[in-house]
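Q: output the structure for:
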Amino acid sequence: QVQLVESGGGLVQAGGSLRLSCVATQGTFSEYAVGWFRQAPGKERDLVAAINWYADYTRYGDSVKGRFTISRDIPKNTAYLQMNSLEPEDTAVYYCAASWYGTTIPPVIPAAYEYWGQGTQVTVSS
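A: Numbering: from 1, shown residues only. Below you'll find the model as predicted:
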């Protein structure tokens, strides 16, 4: 059992930056892939970024490539999402998730992730 808690969301102007954190407060996700997803009102939950178990393979949604960076600190049981050059279209609730199926290549679909955080709101004003 893994319990995840996100933090770092908030209100920022377009062009600004935020860093989201995801901590495993119960259990450890060192042997899981970690994904960040986001969901805007009326839209599906989409992959933002994911990182594999060994932290040597990452993948990103097309709309965030070159602007967002996912990383993880395994000893600290924490994953991060650095978001730069934020746009109003990035406004959503951001979720952290852990997947057992990500030893080499992290999965991209939400259904492949077993554990989820409660989400953190990111709002980008124009």
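
Q: residue closest to the middle of the chain?
A: Against the mean C-alpha coordinate of the chain, by CA atoms, centre = their mean, the closest residue is Trp36 at 2.0 Å.

Q: so which residues of the protein form helices?
A: Applying DSSP state H to the chain gives no helices.

Q: please, where are all the strands along it?
A: 3-7, 10-13, 18-26, 33-39, 46-51, 58-60, 68-73, 78-83, 92-99, 115-116, 120-125 (DSSP state E).

Q: so how far is Gly15 from Pro110?
A: Distance, Pro110 to Gly15, by CB to CB, to the nearest Å: 29 Å. No exception for glycine: its C-beta is placed from N, CA and C like everyone else's.

Q: and those two? which has more neighbours close in?
A: Using other CB atoms under 10 Å, the more surrounded residue of Pro110 and Gly15 is Pro110, with 17 against 11.

Q: can you tell me how far that one is from Tyr101?
A: According to CB to CB, Pro110 and Tyr101 sit 12 Å apart.

Q: picking up where we left off before, thought the residue nearest to the centre of the chain was touching Asp46?
A: No. Counting by CB atoms under 8 Å, Trp36 does not reach Asp46; the two are 10.2 Å apart.
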